[in-house]
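Colleague: Predicted model and sequence below, questions to follow.
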Amino acid sequence: MCKPKHPKITKGSSSHSLNKTLVSRKKCPPIEPTTNFILGYGSLINPDSKEVTHPGCGPSVPVLVKGFKRIFNCAGLLLGKKTTFLGVEEDNASYFTGVAFPVKSNATLMEFDQREAHYKRKLVAEENVKFLDDEDHISDGKNLLRFWIYVPQSKFVTKPSKPHPIYQSYFDIFVDGCVKIGKQFEIRNFAQECLQSTEGWLDPFFGGKNCWEFDRDEGIDKLKIVHDTKEIDEEIMFFVETYMLFIGHRKEDEIEYILEK
């Protein structure tokens, strides 16, 4: 593998293929120190959220992961309320941008397994993970890199609905993490690319099926995740306006009204 360089991240980027090996969360092989990475694509993109599970975790690095579709498809509980979280599903024609961060012990990996109890852990081939920073991240004879991703267990797979809505506070944590990583690594439009490579949120956002809960103030306070809602709104607004222009149905007043809720 050659030293990775910053890619040109643009909306509507081409998709890729991916072959992966399924590994049950309960039957994962022993972890080898300093070689294992977790691939974060939802709340785990946000450094503050990741630290809640394991303070002092290894640094997150932006990545592009091939062969997975990021989508709201996992039923769960948020502060005791039923919701739909982000998940992924296998799709050879898809990709998403997220982060990879190292876990240096089996105990740390188990902590994240407990956090992601509605998911199972899969091993992803190294060649299907592209780092977006300027450092060398390659396996050699002494250091084999392993990449793990959490995929919803089949019994928890669902779609956003009135009984299992998307909560604004959770979406904020996701977008805030994308903004932070983009700034840290000076990757232009990283947050926009994260939104572009996420499915299942636009229809609920515009009121489809009454499955979006605007719990921003209450949700952020209870979760104790610090982020700038102004920047979050700017990223969402820019993406939605661009999307509406693309499909030829711009509804600026409607967008502004939704973001003010």
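Modeller: Received it, and whenever you're ready, just let me know what you need.
Colleague: so Val63, which of the three states?
Modeller: Following DSSP: H, G, I helix; E, B strand; the rest coil, Val63 is assigned to strand.
Colleague: change the start of the numbering to 58 and stick with it
Modeller: Taking 58 as the first residue, the last one we looked at is Val120.
Colleague: remind me which residues of the protein are low pLDDT?
Modeller: For the chain, applying pLDDT under 70 flags the ranges 58-91, 195-199, 276-281, 283-284, 304-318.
Colleague: what are the ranges of the strands in it?
Modeller: 77-78, 93-97, 118-135, 138-160, 176-181, 186-188, 203-209, 223-224, 255-256, 269-270 (DSSP state E).
Colleague: Burial-wise, tell me which of these comes out on top.
Modeller: When those are scored by mean count of other C-beta atoms under 10 Å, the highest mean neighbour count falls to strand 93-97 (a mean of 24). C-beta coordinates here come from the backbone N, C-alpha and C atoms, glycine included.
Colleague: tell me what it is packed against?
Modeller: Applying 3 or more C-beta pairs under 8 Å, 6 or more residues apart in numbering; DSSP states H and E, one finds that strand 93-97 makes contact with strand 138-160, helix 163-172, strand 203-209.
Colleague: let's see 7 Å
Modeller: Using 3 or more C-beta pairs under 7 Å, 6 or more residues apart in numbering; DSSP states H and E as the contact test, the elements touching strand 93-97 are strand 138-160, strand 203-209.
Colleague: okay, the angle between it and strand 138-160?
Modeller: Here strand 93-97 runs at an angle of 140 degrees relative to strand 138-160 (axes from the mean of the first three to the mean of the last three C-alpha atoms, to 10 degrees).
Colleague: can I get the CA coordinates of strand 93-97 in CSV?
Modeller: Listed next in CSV are the C-alpha coordinates belonging to strand 93-97 (Å, rounded to 0.1, in the frame of the first residue of the first chain):
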residue,chain,number,x,y,z
ASN,A,93,-6.6,-3.0,16.1
PHE,A,94,-8.7,-0.1,14.9
ILE,A,95,-12.4,0.5,15.3
LEU,A,96,-14.1,2.2,12.4
GLY,A,97,-16.5,4.9,13.6
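Colleague: Direction included, what does that strand pair against?
Modeller: strand 138-160 (antiparallel), strand 203-209 (parallel) (DSSP bridges).
Colleague: which stretch among the ones you listed comes nearest Asp260?
Modeller: strand 138-160 (12.3 Å; C-beta to C-beta).
Colleague: Using PDB, write out every CA atom in the closest one.
Modeller: Extracted in PDB, the C-alpha atoms of strand 138-160 (Å, rounded to 0.1, in the frame of the first residue of the first chain):
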ATOM      1  CA  LYS A 138     -36.400   6.500  24.600                       C
ATOM      2  CA  LYS A 139     -36.900   4.300  21.600                       C
ATOM      3  CA  THR A 140     -35.000   5.500  18.600                       C
ATOM      4  CA  THR A 141     -33.300   4.600  15.300                       C
ATOM      5  CA  PHE A 142     -29.500   4.900  15.300                       C
ATOM      6  CA  LEU A 143     -27.000   5.000  12.500                       C
ATOM      7  CA  GLY A 144     -25.800   1.600  11.300                       C
ATOM      8  CA  VAL A 145     -24.300   0.200   8.200                       C
ATOM      9  CA  GLU A 146     -25.200  -2.600   5.700                       C
ATOM     10  CA  GLU A 147     -23.100  -4.300   3.200                       C
ATOM     11  CA  ASP A 148     -23.200  -2.800  -0.300                       C
ATOM     12  CA  ASN A 149     -20.500  -3.300  -2.800                       C
ATOM     13  CA  ALA A 150     -21.500  -0.100  -4.600                       C
ATOM     14  CA  SER A 151     -21.300   2.200  -1.600                       C
ATOM     15  CA  TYR A 152     -18.800   3.900   0.700                       C
ATOM     16  CA  PHE A 153     -18.800   6.200   3.600                       C
ATOM     17  CA  THR A 154     -16.400   8.700   5.300                       C
ATOM     18  CA  GLY A 155     -15.700   8.200   9.000                       C
ATOM     19  CA  VAL A 156     -12.900   7.700  11.400                       C
ATOM     20  CA  ALA A 157     -10.600   4.900  12.600                       C
ATOM     21  CA  PHE A 158      -9.100   4.900  16.100                       C
ATOM     22  CA  PRO A 159      -6.800   2.300  17.700                       C
ATOM     23  CA  VAL A 160      -7.700   0.200  20.700                       C
END
